[in-house]
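J.: Predicted model, plus sequence, below.
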Amino acid sequence: MPESPVLQTCAVTKRFGALLAVDRIDLEVGAGTVHGLLGRNGAGKTTLMRMILGLLAPDSGSVRILGHQAQPGEVESRRAVAGFVEEPRFYPYLSAQRNLELLAQLNGRPGGNAVGEALELVGLAGSGRKKAGNFSTGMRQRLGIAAALLRQARLMVLDEPTIGLDPENARAVRELLADLAGRGIAVLLSSHNMAEVAELCQQVTIIRDGATVWEGTQAQLHEAAPTPAYRIRTSDDESAAAIAKRMAMQPQASARVSGLDVLTVSGSEAQRDAFVRELIHTGVDLRLLEPDVPPLEALFSSLAGPDSQPKAAA
């Protein structure tokens, strides 16, 4: 018999006056998986997460955690849940360790090695005595995950945990989340970074104006991405365009990019390689070849649309 999802939302809806922020969203997150929740700013990601965490009451629909209906503000059904929305907050004048010790007491886990283990797991073992107010954005994000770990959660709900981080810290956070999933923890991760989600998440849901516009597996996400496009500059762009058209690479009109006239062609990697060989064979010099918009980003733009705000309720 298949294991029940750790998290399940059914037709969850939330309005703020005339604005429809979340529109009948169904979502499932299984144990040991990272589920990506993608959308532009204002798409409804944070509102949905607040309802999952019990910080907001849905107007309709339900949230089930470990098979049990979770009512807004009810603690018992969410003892297995941890995380943060927008960004984690701490007492700035207290050390990281003291902040976690206070949270451990609130969670009923005073004493022991829980705080030290959490700091070690997120790579902050050497910074426990530093004041939280002196932490960088990346360190605060990791401290927020450490705080969530103190709850021994089976579901982690994290709102853009890598936002504002440099590449090294962002990679460290992604590695940590993958490790948590490997330990059997279910992770719901919101983001507007398609590449990050495609790398880390087994399941993906994309929302726009509060409603689901796409959902599927990581493999299905890559399959849905459009054919890659490449910017090129040659010694004879007119001939290059004719060659691309003959090879069904859908050339677009030449455009000026960063002060240079470039031609954009679309095609698979195999088509690209054959196109380059044909250019060389016909004596056309290739002076620039670079990706245009990455396919996954193009897919996200087409589905998520421009930066949006919640739509008016019907």
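T.: Everything's here; your move. Numbers count the residues shown, from 1 in each chain.

J.: Which residues are in contact with the spatially most central residue of the chain?
T.: Centroid check for the chain by C-alpha atoms, centre = their mean gives S191 as the closest residue, at 3.0 Å. S191 makes contact with 36-38, 160, 162, 197, according to C-beta atoms under 8 Å, 6 or more residues apart in numbering. The C-beta positions use only the backbone N, C-alpha and C, and glycine is treated the same way.

J.: Please identify the one among these that lies nearest to L143.
T.: Comparing these against L143 with C-beta to C-beta picks out T162 as the nearest, at 14.1 Å.

J.: can I assume the closest one is in contact with L176?
T.: No - assessed by C-beta atoms under 8 Å, T162 is found out of contact with L176, at 10.3 Å.

J.: Please identify which of those two sits among more neighbours.
T.: T162 (23 against 18; other C-beta atoms under 10 Å).

J.: Nearest spatial neighbour of that one, chain-adjacent residues omitted?
T.: Beyond its immediate neighbours in the sequence, the residue positioned closest to T162 (C-beta to C-beta, 6 or more residues apart in numbering) is A170, lying 4.1 Å away.

J.: Can you name the helix or strand that that neighbour falls in?
T.: helix 167-182 (DSSP states H and E).

J.: same deal with R89?
T.: Going by DSSP H and E, R89 is not in any helix or strand.

J.: so how far is F135 from it?
T.: 12 Å (C-beta to C-beta, to the nearest Å).

J.: And G42, by the same measure?
T.: With C-beta to C-beta as the criterion, G42 and F135 are 28 Å apart.

J.: cool, I52 as well?
T.: From I52 to F135 the distance is 26 Å (C-beta to C-beta).

J.: Please say which of those two ends up with more neighbours.
T.: Counted by other C-beta under 10 Å, I52 and F135 do not tie: I52 has more neighbours, with 25 against 18.

J.: didn't the more buried one look like it was pressed against M156?
T.: No - contact criterion C-beta under 8 Å: I52 and M156 do not qualify, at 11.0 Å.

J.: Next, show the common contact partners of those two.
T.: 81, 188.

J.: What's opposite the closest residue to L27 other than its chain neighbours in the beta bridge?
T.: Excluding the flanking residues, the one nearest L27 by C-beta to C-beta, 6+ apart is T9, at 4.4 Å. According to DSSP bridges, the partner residues bridging T9 are L27, V63.

J.: Would you confirm that T9 contacts R24?
T.: No - with contact defined as C-beta under 8 Å, T9 does not reach R24; the gap is 9.7 Å.

J.: who has more neighbours, these two?
T.: T9 (24 against 15).

J.: on that earlier part again, can you pick the most crowded of the contacts of S191?
T.: Busiest of the contacts of S191 [other C-beta under 10 Å] is L37, holding 31 neighbours.

J.: nearest spatial neighbour of that one, skipping sequence neighbours?
T.: S190 is the one closest to L37 (C-beta to C-beta, 6+ apart), at 4.4 Å.

J.: Report all helices and strands that whichever helix or strand R15 is part of contacts.
T.: Secondary structure assigned from DSSP H and E places R15 in strand 7-16. If contacts are counted by 3 or more C-beta pairs under 8 Å, 6 or more residues apart in numbering; DSSP states H and E, strand 7-16 sits against strand 19-29, helix 45-52, strand 60-65.

J.: which parts of the second one are buried?
T.: What that stands for is helix 45-52. 45-52 (16 or more other C-beta atoms under 10 Å).

J.: Ok, the longest one next?
T.: Of the residues in strand 19-29, those buried under the neighbour-count criterion (16+ other C-beta under 10 Å) are 20-23, 25, 27-29.

J.: Same question for the last one.
T.: Neighbour-count burial for strand 60-65, with 16+ other C-beta under 10 Å as criterion, is recorded at 61, 63-65.

J.: Could I get the CA-only coordinates of that strand as CSV?
T.: Provided in CSV are the C-alpha atoms of strand 60-65 (Å, rounded to 0.1, in the frame of the first residue of the first chain):
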residue,chain,number,x,y,z
SER,A,60,-12.0,27.0,1.9
GLY,A,61,-10.3,23.8,1.3
SER,A,62,-8.2,21.7,3.6
VAL,A,63,-4.6,21.1,4.8
ARG,A,64,-3.7,17.6,5.9
ILE,A,65,-0.4,16.7,7.6
